[in-house]
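Student: mind folding the following:
(one chain, ligands or ions: 1)
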Amino acid sequence: MPSCGSCQVKWTWRQTMEAGMTPGSAWECPHCGETQFRTKRTHALSAAWTILIGSALIIGSVLIEVPWWLFAPLVVAVVTGAVLGAPWLASVQSSDPDLLDEQMEHRGKDPQS
Ligand SMILES: [Zn+2]
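Tutor: Residues are numbered from 1 along each chain as shown. You can find the predicted model right below:
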């Protein structure tokens, strides 16, 4: 679960889920109201998480000949588990990761600084 970069208070599972429902990578801290940004790590982890669950389901359905009446609730259970488990992978930071990247790039291009 992520903890706020400004007030250091750890977000609850529910608060993280609610933040995750809002579009974009900027989340408002439920404790201090400061804007927090989803880290690049969170972004990469959630993508990897989705791919992992997706491919596990596809490979599973190909390798094991599970009847559809068993497979359908299995898919629902796995997807639900993946969604409910996602907040544990999330982390936030006070600064915008995209903005930081831009600054880094800028510094790299300018030999004077
Ligand atoms: Zn906070």
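Student: ok, how many other residues are close to Gly5?
Tutor: 18 (other CB atoms under 10 Å). For the C-beta atoms, the positions are set from N, CA and C on the backbone; glycine is no exception.
Student: so which residues of the protein form helices?
Tutor: Along the chain, counting by DSSP state H, helices occupy 13-21, 40-63, 68-85, 97-109.
Student: nearest to the ion, of the ones you listed?
Tutor: The closest of the helices of the chain to the ion is helix 13-21. By CB to the ion, the value is 10.3 Å.
Student: which residues are in contact with that closest one?
Tutor: Met1, Pro2, Trp11, Trp27, Glu28, Pro30, Ala86, Pro87, Trp88, Ala90 (CB atoms under 8 Å, 6 or more residues apart in numbering).
Student: make it 10 Å
Tutor: Contacts to helix 13-21, defined as CB atoms under 10 Å, 6 or more residues apart in numbering, come from residues 1-2, 4, 9-12, 26-31, 36, 38, 42, 46, 83-92.
Student: what does the chain put close to the ion?
Tutor: Applying CB under 5 Å from the ion, we find that the chain lies next to the ion at Cys4, Ser6, Cys7, Cys29, His31, Cys32.
Student: surely the last one touches Ser6?
Tutor: Yes. Cys32 sits in contact with Ser6 when judged by CB atoms under 10 Å, with a separation of 5.4 Å.
Student: could you work out the most separated pair of the residues of the chain next to the ion?
Tutor: Largest separation among the residues of the chain next to the ion by CB to CB: Ser6 and His31, giving 8.6 Å.
Student: which of the helices of the chain is buried the deepest?
Tutor: helix 13-21 (a mean of 16; mean count of other CB atoms under 10 Å).
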